[in-house]
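S.K.: Everything below, folded, please.
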Amino acid sequence: MTQLVHHPAYLFVMLIVLLSMAAALGAIGLKRAIPLSDDARDNYTVVQGATLTLLALLIGFTLSMAVSRYDQRKNFEEDEANAIGTQYLRVELLGESRATTIKALLRDYVQLRIEYYKTRDPRELEIINAKTAELQGQLWTGVREPAIAQPTPIAALTVSGMNDVINTQGYTQAAWMNRIPVSAWTLMIAIAFFSNLMQGYGARGATGRRVLLFVLPITVSLSLSLIADIDSPRGGLIRVVPQNLISLQQSLPAS
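M.R.: As a prediction, this is how the structure comes out:
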């Protein structure tokens, strides 16, 4: 299940097959095994409406969760760009020679952060994270040494700025790892399965049955796949583009 929600296209195919089978099972198998009488249809309509309403509410709430997480990832990308840009200016207070070294490290750091947002390869991501941690250590050393040698308010300001640079990266990484729980996905797919089963079971006539076998499974599959796409930072089509970091990189001088 975890791998499926990381790849919305695979999830869509799986849901189409599963939900279509549920509708067909209700329309063919369940209807023949337990025929729905006219006396029981009123009760069936109530249960069917409640099930579909519950499914719609779950999809709506989950979509809201996914969108809020997507917005959070966008906000943290903006915070990262602002923190790096501010620190790039603050290091000039440390003197020309030290500022030149730290600025070069910050330019490399911006490139690594852009690659972090763009990559889809797990192995490449591990390399990027390792390089980021190493570069953060070098940046911290660059502001720590003058702060220890001369603990002035200016040194404290540059230390605080570098702390913001490192913290925003941690916030971003935490936001990208914050996903909709697998248990919530399991619950939604289970309710979607039974909703399609009931739709097939209550279909009247051959024409209506054929329509229900396709309309509801496709609609629900598209809805759940959209949620997975928004909630998947790397596996979907809807992704956070590091526009602020790219703009920052373009504004920084080459040397």
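S.K.: Let me know whether residue 221 touches residue 16 as I believe.
M.R.: Yes - taking CB atoms under 8 Å as the definition, residue 221 is a contact partner of residue 16 at 5.0 Å. C-beta coordinates here come from the backbone N, C-alpha and C atoms, glycine included.
S.K.: nearest spatial neighbour of residue 226, skipping sequence neighbours?
M.R.: Excluding the flanking residues, the one nearest residue 226 by CB to CB, 6 or more residues apart in numbering is residue 63, at 7.3 Å.
S.K.: Check which helix or strand that neighbour maps to.
M.R.: Secondary structure from DSSP states H and E places residue 63 in helix 38-90.
S.K.: now do residue 97
M.R.: Going by DSSP H and E, residue 97 is part of helix 96-118.
S.K.: could I have that helix exported to PDB, CA atoms only?
M.R.: What follows is helix 96-118, C-alpha atoms only, in PDB (Å, rounded to 0.1, in the frame of the first residue of the first chain):
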ATOM      1  CA  GLU A  96      35.800  40.000   3.200                       C
ATOM      2  CA  SER A  97      38.000  36.800   3.300                       C
ATOM      3  CA  ARG A  98      35.700  34.800   5.400                       C
ATOM      4  CA  ALA A  99      32.600  36.200   3.700                       C
ATOM      5  CA  THR A 100      33.900  35.000   0.300                       C
ATOM      6  CA  THR A 101      34.400  31.500   1.500                       C
ATOM      7  CA  ILE A 102      30.900  31.300   3.100                       C
ATOM      8  CA  LYS A 103      29.200  32.800   0.100                       C
ATOM      9  CA  ALA A 104      30.700  30.200  -2.100                       C
ATOM     10  CA  LEU A 105      29.400  27.500   0.200                       C
ATOM     11  CA  LEU A 106      26.000  29.100   0.200                       C
ATOM     12  CA  ARG A 107      25.900  29.100  -3.600                       C
ATOM     13  CA  ASP A 108      26.700  25.400  -3.600                       C
ATOM     14  CA  TYR A 109      24.000  24.900  -0.900                       C
ATOM     15  CA  VAL A 110      21.300  26.600  -2.900                       C
ATOM     16  CA  GLN A 111      22.100  24.200  -5.900                       C
ATOM     17  CA  LEU A 112      21.800  21.200  -3.600                       C
ATOM     18  CA  ARG A 113      18.400  22.400  -2.300                       C
ATOM     19  CA  ILE A 114      17.100  22.900  -5.800                       C
ATOM     20  CA  GLU A 115      18.300  19.400  -6.700                       C
ATOM     21  CA  TYR A 116      16.500  18.100  -3.600                       C
ATOM     22  CA  TYR A 117      13.200  19.500  -4.800                       C
ATOM     23  CA  LYS A 118      13.600  18.200  -8.400                       C
END
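S.K.: Which positions within stretch 177-191 qualify as buried?
M.R.: Neighbour-count burial for stretch 177-191, counted by 16 or more other CB atoms under 10 Å, picks out 179, 180, 184, 185, 188, 189, 191.
S.K.: would CSV of the residues you listed with secondary structure be doable?
M.R.: Shown next, in CSV, are the buried residues of stretch 177-191 (DSSP: H, G, I helix; E, B strand; the rest coil):
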residue, secondary structure
179, coil
180, coil
184, helix
185, helix
188, helix
189, helix
191, helix
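S.K.: from what I can see residue 118 touches residue 242, true?
M.R.: Yes - judged on CB under 8 Å, residue 118 makes contact with residue 242 at a distance of 7.2 Å.
S.K.: So between these two, which is more surrounded?
M.R.: residue 242 (22 against 15; other CB atoms under 10 Å).
S.K.: No more questions from me, cheers.
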